[in-house]
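In: structure here, sequence nowhere to be found:
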């Protein structure tokens, strides 16, 4: 298995993909079968979905869930990928829940509520969180990162003060503490400078 609380300071998209790929392989090896994955809050076609699709095996199943987005349909050939809703969501069989840039869109109390909900509803799942860690950055630095990632400029009105404040609520310690305080035990942490990836399992009672 992977080492406990490994901390790597990196910042490239390739490194994010490497973390996902490595941990997916480890999970398959521990389960001796395909993975049941849900990309929770997947967006129209979010980063985690793109990465997960790239490393999905024929024996894996990927559910795409986002009640607030018009999810881009998977290709006809992707028979092991499906869009799901609250009515069709499968809870008990999920091995991995991926939250990619979801917490940054919520207030802190909403983040805690969602993390507790996932812990309650997906009893055997591990959790992958990919999100911004911009709290210790200046507003100008944060805006530059968000402009680059959302392909917007200030004239679009998207990067207003509220948007920036939401995305600046975590640093690495704060994001880790939020997970731990809602019953998740991080076992792999990667710091990509302005973003972090944290893989967690449920805390033992």
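Out: Great, that's in hand. Nothing here was measured: the structure is a model prediction, and the numbers come from that model.

In: C-alpha from now on. contacts and neighbour counts both.
Out: Will do.

In: quickly list the domain ranges of the chain.
Out: 6-133+170-202, 134-169 (automatic domain parsing).

In: mean confidence score for the longest one?
Out: Per-residue pLDDT values across domain 6-133+170-202 average out to 92.

In: mean neighbour count for the domains of the chain - can I get that in JSON lines?
Out: Listed next are those as JSON lines, based on neighbours: other Cα atoms under 10 Å:
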{"stretch": "domain 6-133+170-202", "mean neighbour count": "17"}
{"stretch": "domain 134-169", "mean neighbour count": "15"}
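
In: now the strands for the protein?
Out: Using DSSP state E, the strands of the chain run over 6-9, 36-40, 61-65, 81-84, 96-100, 126-132, 184-191, 195-202.

In: turn those into CSV, columns for distance to residue 141.
Out: Listed next are the strands of the chain as CSV, based on distance: least, Cα to Cα, whole Å:
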stretch, distance to residue 141
strand 6-9, 18
strand 36-40, 28
strand 61-65, 31
strand 81-84, 35
strand 96-100, 21
strand 126-132, 12
strand 184-191, 17
strand 195-202, 13
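
In: what about these, which gets the closest to residue 146?
Out: Residue 146 lies closest to strand 126-132 among these, at 9.4 Å (Cα to Cα).

In: give me the distance from the lengthiest helix in the chain to the chain's centre.
Out: Longest among the helix segments of the chain by residue count, using DSSP state H, is helix 13-31. Relative to its chain's centre, helix 13-31 lies at 13 Å (Cα atoms, centre = their mean, to the nearest Å).

In: what's the angle from that helix to strand 96-100?
Out: Taking axes from the mean of the first three to the mean of the last three Cα atoms, to 10 degrees, one finds helix 13-31 and strand 96-100 inclined to each other by 170 degrees.
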